[in-house]
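Colleague: coordinates only, sequence not included:
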């Protein structure tokens, strides 16, 4: 127990010593939202969205940012670095199981992702007059399952890649894909319908986040697919994980 | 009773046999060296002893514990310093030592250990800012922080400058003086000669010799070399007939005699019976280096070894 708490304290310190990552993950989505809101036209209701302002329309897209940056990039790259440099191997020569490092990193990244997501909601709803999630239960389920799916896929990447550079490359690709499907690069009303449909199912399930926050309510199928993805990827990661 | 017992260890990676047949035992409180060219199977052997690798055959026992089955109990009494085991870039020296100390039931005092290994001024320095020698010392220190009864140290002075190497050697002697048994992997002859009580020479996955450093040198048939300028002529047979002499070479008026055993006494006595005085007499002892060459057919740490390892 003492070992685990020391590992947790140490990993947290190391995490906080990388301020750029922390800032990007925690603050960037909220800052983007605040930046957009500084343009008056984006605070007024706009035509393609019905009664929503562009800021409100865009807020759910930004939710995906913290989750994807931590789950797809920071977590796999961190663990791959530990493997590449023999940190996991060094730990496995002590009475402490290296699995506890994996567990602690997972928790730290998850908590940070949640802080980033809550901050976007707080800024959006509290400061920028974005409506509160219209379907709170469905929204909570979507956020939970979408995050679980992203982190499980991140773990699967981390399980096997031998080099940090490879993990970072794959992670960046997944991050860019997630951002695109979330409508961060192009607003959703510019994306074709079939692509929006895909975004319901591909982690972090940006489509379903949007539907439950400002849209017309949750659908069961995407939630089930996200849950299935999370379970399958976690099981796969556990099966193929290499300590060295 | 031996602390470590290895018998008929084998380990292969796919078709490559890393360890073919290795047996040895290490007594409590000794520094036991495993010496051999690169790729000889040294690291694989100690990693099996430390439970990091599963052997394909043979038995290993450390304090009666099985390295894989009794993993957790073994980890508490055995400290390992690995060849390739780095730490996170931003982790500081003090934090690393405290982190590792927290893994063990009865750790040494981190602060005292840091001071003793000369890292006191570096306590708040991040791992990536440390020099190679400082990293190496930290690595050894982390192998010892759990207060182990056995320490496995793999290539502990590779990459160190000569001064840092000597400092590390003194430190290893200090460890032994506190009663810790040390299993030391090396390919430096000087290191083995200075530190080890006994040495197993491993080549191509087999133990080719096992003795004290002095015993290994003495076992070499022509381990000694005698050079002198005789005060007068004498027939070669006078010396080559001696059982201690294996070869005699004349270079101008200089005579070089090779042999083993009590070469010096035998040669000077034989010369004296002929009234010959050996002038400018010099005796050269073979070194562990010569033993190594004789046993493995390779010079230690030569480019040929690197080819061998690949």
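Modeller: Received the coordinates, thanks. Note that the structure is a prediction, hence the values are computed from the model and not measured. Residues are numbered from 1 along each chain as shown, chains lettered A, B, ... in the order given.

Colleague: could you check how far the closest residue in space to residue A:231 that isn't next to it in sequence is from residue A:21?
Modeller: Leaving aside its chain neighbours, residue A:231 sits nearest to residue A:152 (7.6 Å; criterion: C-beta to C-beta, 6 or more residues apart in numbering or on different chains). To be clear about C-beta, it is placed using only N, CA and C from the backbone, and glycine gets the same treatment. Distance, residue A:152 to residue A:21, by C-beta to C-beta, to the nearest Å: 20 Å.

Colleague: same deal with residue A:243?
Modeller: Residue A:243 is 24 Å from residue A:21, by C-beta to C-beta.

Colleague: again, but for residue A:146
Modeller: Distance from residue A:146 to residue A:21, by C-beta to C-beta: 21 Å.

Colleague: pick out whichever of the two has more residues nearby.
Modeller: The residue with more neighbours, out of residue A:146 and residue A:21, is residue A:146; 32 against 19, by other C-beta atoms under 10 Å in any protein chain shown.

Colleague: in what helix or strand does the more buried one lie?
Modeller: Using DSSP states H and E, residue A:146 sits within helix A:136-160.

Colleague: give me the mean pLDDT for that helix.
Modeller: Here helix A:136-160 scores 92 as its mean pLDDT.

Colleague: can you give me how far that helix is from the chain middle?
Modeller: Distance, stretch centre to chain centre, for helix A:136-160: 7 Å (C-alpha atoms, centre = their mean, to the nearest Å).

Colleague: helices or strands next to it in the packing?
Modeller: Packing partners of helix A:136-160 (3 or more C-beta pairs under 8 Å, 6 or more residues apart in numbering or on different chains; DSSP states H and E): helix A:54-68, helix A:75-84, helix A:99-121, helix A:164-181, helix A:206-213, helix A:220-240.

Colleague: pLDDT wise, what is the spatially most central residue of chain A at?
Modeller: For chain A, residue A:67 is the residue whose C-alpha lies nearest the centre (C-alpha atoms, centre = their mean; 1.3 Å). As predicted, residue A:67 sits at a pLDDT of 91.

Colleague: I'd guessed it sits against residue A:144; true?
Modeller: No: checked against C-beta atoms under 8 Å, the pair residue A:67 and residue A:144 is beyond contact range at 10.7 Å.

Colleague: burial count for the residue in the stretch 151-300 of chain B positioned nearest to chain A?
Modeller: Closest contact between the stretch 151-300 of chain B and chain A, by C-beta to the nearest C-beta, is at residue B:152 (8.6 Å). With neighbours defined by other C-beta under 10 Å, the count for residue B:152 comes to 26.

Colleague: in three-state terms, label it for me.
Modeller: strand (DSSP: H, G, I helix; E, B strand; the rest coil).

Colleague: in the host helix or strand of residue A:15, what's buried?
Modeller: Assessed by DSSP H and E, residue A:15 sits inside helix A:2-16. In terms of neighbour count (16 or more other C-beta atoms under 10 Å in any protein chain shown), helix A:2-16 has its buried residues at A:3-4, A:6-8, A:10-12, A:14-15.

Colleague: with respect to chain B, which of those residues is nearest?
Modeller: residue A:6 (3.8 Å).

Colleague: so which strand or helix has residue 21?
Modeller: Unless you meant another one, I'm taking chain A. helix A:19-26.

Colleague: that was the other one, I meant chain B.
Modeller: Using DSSP H and E, residue B:21 falls in strand B:16-27.

Colleague: how about that strand: buried residues?
Modeller: B:17-20, B:22, B:24-26.

Colleague: need the contact partners of that strand.
Modeller: B:2-12, B:32, B:41, B:44-45, B:48, B:55, B:58, B:150, B:181, B:183, B:200, B:202, B:204-207, B:210 (C-beta atoms under 8 Å, 6 or more residues apart in numbering or on different chains).

Colleague: which among these end up buried?
Modeller: For these, buried by 16+ other C-beta under 10 Å: B:2-6, B:9-11, B:32, B:41, B:44-45, B:48, B:55, B:58, B:150, B:181, B:183, B:200, B:202, B:204-207, B:210.

Colleague: pretty sure residue A:237 sits against residue A:106.
Modeller: No: with contact defined as C-beta under 8 Å, residue A:237 does not count as touching residue A:106 (10.4 Å).

Colleague: can I get the helices and strands packed on helix A:136-160 in TSV with distance to residue B:144?
Modeller: What follows is the helices and strands packed on helix A:136-160, written out as TSV (distance: least, C-beta to C-beta, whole Å):
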stretch	distance to residue B:144
helix A:54-68	42
helix A:75-84	23
helix A:99-121	22
helix A:164-181	29
helix A:206-213	51
helix A:220-240	34
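
Colleague: quick revisit: what angle sits between the helix or strand following the helix holding residue A:21 and helix A:54-68?
Modeller: Counting by DSSP H and E, the next helix or strand C-terminal to helix A:19-26 is helix A:28-37. Taking axes from the mean of the first three to the mean of the last three C-alpha atoms, to 10 degrees, one finds helix A:28-37 and helix A:54-68 inclined to each other by 160 degrees.

Colleague: that'll do, ta.
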